[in-house]
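Fold the stuff below for me.
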Amino acid sequence: MNSSKLKSALEAGSIEWERHVLERLVTRRISQAAVIRAVRMGELIEDYPDDHPYPSALFLGWIENKPLHVVAALNEAEPKVFMITAYEPDLEYFEPDFKTRRRK
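A predicted model of the protein is given here:
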């Protein structure tokens with residue numbers, strides 16, 4: 001994912017919130033501001049360049065000392081960020097660093 005285009009789109013407020021993520025944010029009590037902060041300041045931990053219609057990535061951010069995962073896609077042509085989902089990672093699926101998936 002092109003980090004500079006992603007950050008430019010975030011700075012410009014060029015963000016599209018998918019219905020799925022908005023529903024999950026309400027259920028999980030996560031603010032839109034926290035999601036934006038996690039993508040802007042967090043670490044890209046998995047890149048999905050072949051996702052369609054736009055490449056996406058999984059970001060790990062720390063909000064109030066809690067880990068937050070956000071999946072976001074980027075339309076580089078516009079540029080526009082599409083927020084796909086956000087959740088607090090679970091140690092059942094991730095190692096304690098919250099970056100590494102557990103092997104099953």
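
contacting residues for the spatially most central residue of the chain?
Nearest residue to the geometric centre of the chain (C-alpha atoms, centre = their mean): Val70, 2.4 Å. Applying C-beta atoms under 8 Å, 6 or more residues apart in numbering to Val70 gives the contacts Val35, Ala38, Val39, Gly42, Leu58, Phe59, Gly61, Met83, Thr85, Ala86. C-beta coordinates here come from the backbone N, C-alpha and C atoms, glycine included.

Name the next helix or strand following the host helix or strand of it along the chain.
Using DSSP states H and E, Val70 sits within strand 66-75. The helix or strand immediately downstream of strand 66-75 is strand 80-87, counting by DSSP H and E.

can you give me the angle that following strand makes with strand 66-75?
150 degrees (axes from the mean of the first three to the mean of the last three C-alpha atoms, to 10 degrees).

circling back: direction included, what does the strand holding Val70 pair against?
Applying DSSP bridges, strand 66-75 is found paired with strand 56-63 (antiparallel), strand 80-87 (antiparallel).

Could you check how far the last one is from the centre of its chain?
It refers to strand 80-87. 5 Å (C-alpha atoms, centre = their mean, to the nearest Å).

Please apply the same query to stretch 18-32.
12 Å.

And for Lys5, nearest residue in space, chain neighbours not counted?
Pro79 (4.4 Å; C-beta to C-beta, 6 or more residues apart in numbering).

Tell me, how many residues neighbour that neighbour?
18 (other C-beta atoms under 10 Å).

is it true that it touches Ser8?
Yes: the pair formed by Pro79 and Ser8 meets the contact definition of C-beta atoms under 8 Å, at 6.1 Å.

low-confidence ranges in the chain?
Along the chain, the model assigns pLDDT under 70 to no residue.

ok, Gln32 - contacts?
So Gln32 contacts Trp17, Leu25 (C-beta under 8 Å, 6+ apart).

swap the cut-off to 7 Å and go again
Neighbouring residues of Gln32 by C-beta atoms under 7 Å, 6 or more residues apart in numbering: Leu25.

re earlier: quick check, nearest of the contacts of Val70 to Ser14?
Comparing these against Ser14 with C-beta to C-beta places Met83 closest, at 11.5 Å.
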